[in-house]
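Student: next one to model:
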Amino acid sequence: MAITVVGSIAIDNIETPFNKVSNVLGGSVSFFSLAACFLTEVRIIGVVGSDFSQNYFEVFKKKSIDISQIKIKEGKTFHWEGKYDYNLSDPKTLNTELGVFSDFQPIIPENFKNDILFLANIDPDIQLNILKQMNSSRLIVLDTMNFWIESKKEKLLKVIENADIFIINSSEARLLTNQASVFSAAKSILNLGPKTLIIKRGECGAAMFTGNKFFIVPAYPLEDIKDPTGAGDSFAGGFLGYIDNTGDISFENFKKALVFGNIMASYTVEDFSVNKLLNISLNDLRNRFNKFKEITHFENIYNEIIK
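Tutor: Numbers count the residues shown, from 1 in each chain. I've put the predicted structure just below:
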């Protein structure tokens, strides 16, 4: 089938202890779509300014991503500038210029309305407007961030109530629920309405909760991390791309999708911007997936212990 993603397309300036880059492709939509497109068709709904490089449009086109609903408006593309310290966790925002994104009002085409829908990190008012336009999306998947939790919590709760899958990081989960424990926070969030909750835990991996079940995977071990920007969106792209490719929405298949999301995020952080996602193949993904299975599988050890 296909996935429709709605969110930001940005031009970023990023500084880490290892390097500094300027005017590189960023935004939640960019990372998500370039991760998901390995396994399924992706359709973007977004807006860019008249300064947006044709080269970046070509990046999407070469990956067969549908960009027919990226609107070009007179003005500047959304711009973010951030700086990371050595722990490479939450960046310090040095500058944000919304540009044409400030009055973004997406319209969902009729032939997109039954897709899996990924609502990337954008204003909850916009997310609610999008939900009103959908027909019977196969899955509604939501992301958010601290800013919206703090500034528009009531609106955000309405969006969460309508989400099939809610993806959030551990600090955001604690902020949303005022719970210190990830497990307590997960229980509180599931009571808000989503059928499945995924909590991203950075270098500790990810945890998935649904009903009375949960599943935890570690992060893929890496020797070289250059830029964590977009890792969460790449994770979501890999996760949903796997689900859409298999057409299986069982909890057991979600486990495999969670691992695939981790794999996509692990590639993203190995280079700046979307560079790594543009230079890997399906065979690379298969090899890392198999390696991940090898380093986490312990059934035989378990059987020996309980004899």
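Student: what packs against the strand or helix carrying Asn129?
Tutor: When secondary structure is defined by DSSP states H and E, Asn129 falls within helix 124-133. Counting contacts by 3 or more Cβ pairs under 8 Å, 6 or more residues apart in numbering; DSSP states H and E, helix 124-133 is packed against strand 2-6, strand 116-119, helix 153-161. Every residue, glycine included, has its C-beta placed from N, CA and C.
Student: what's opposite Phe214 in the beta bridge?
Tutor: Beta-bridge partners for Phe214, by DSSP bridges, are Phe209.
Student: surely it meets Met208?
Tutor: Yes: in this structure Phe214 lies within contact range of Met208 using Cβ atoms under 8 Å: 6.5 Å.
Student: what sits against Lys20?
Tutor: 13-14 (Cβ atoms under 8 Å, 6 or more residues apart in numbering).
Student: list phi and psi for it.
Tutor: The phi/psi pair for Lys20 (degrees, to the nearest 10) reads phi -140, psi 130.
Student: just the pLDDT for it.
Tutor: At Lys20, the model reports a pLDDT of 94.
Student: can you pull the buried residues of the strand or helix carrying Phe289?
Tutor: Phe289 is part of helix 282-296 when elements are defined by DSSP H and E. Residues 285, 288-289, 292 are the ones in helix 282-296 that count as buried (16 or more other Cβ atoms under 10 Å).
Student: using TSV, lay out those together with distance to Lys61.
Tutor: Compiled in TSV, the buried residues of helix 282-296 are given as follows (distance: Cβ to Cβ, whole Å):
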residue	distance to Lys61
Leu285	21
Arg288	26
Phe289	27
Phe292	31
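Student: what is the most widely separated pair among these?
Tutor: Among the buried residues of helix 282-296, the pair separated by the greatest distance (Cβ to Cβ) is Leu285 and Phe292, at 10.4 Å.
Student: spit out the contact partners of Thr144.
Tutor: With Cβ under 8 Å, 6+ apart, Thr144 has these contacts: 121, 124, 156, 159, 168, 172.
Student: any idea which of those residues is closest to Ser30?
Tutor: For the contacts of Thr144, the nearest to Ser30 is Asn121 (12.5 Å; Cβ to Cβ).
Student: ok, that closest one to Gly211 distance?
Tutor: According to Cβ to Cβ, to the nearest Å, Asn121 and Gly211 sit 26 Å apart.
Student: between the two, who's got more neighbours?
Tutor: Legend: neighbour count by other Cβ atoms under 10 Å for Asn121 and Gly211, higher for Asn121 (22 against 9).
Student: now that we have the contacts of Thr144, which one has the most neighbours?
Tutor: Most crowded among the contacts of Thr144, counting by other Cβ under 10 Å, is Ile168 at 27 neighbours.
Student: which outside residues touch the helix or strand encompassing Glu58?
Tutor: Secondary structure assignment for Glu58, by DSSP H and E: helix 54-62. In this structure, residues lying in contact with helix 54-62 by Cβ under 8 Å, 6+ apart are 25, 33-34, 44, 67, 70, 274, 278.
Student: circling back: of Phe214 and Met208, who's got more company?
Tutor: Neighbours were counted for Phe214 and for Met208 using other Cβ under 10 Å; Met208 has more, 23 against 16.
Student: show me what contacts the more buried one?
Tutor: Met208 neighbours (Cβ under 8 Å, 6+ apart): 196-199, 214-216, 254-255, 258.
Student: ok, of those residues, which come out buried?
Tutor: Among the contacts of Met208, those classed as buried by 16+ other Cβ under 10 Å are 196-199, 214-215, 254, 258.
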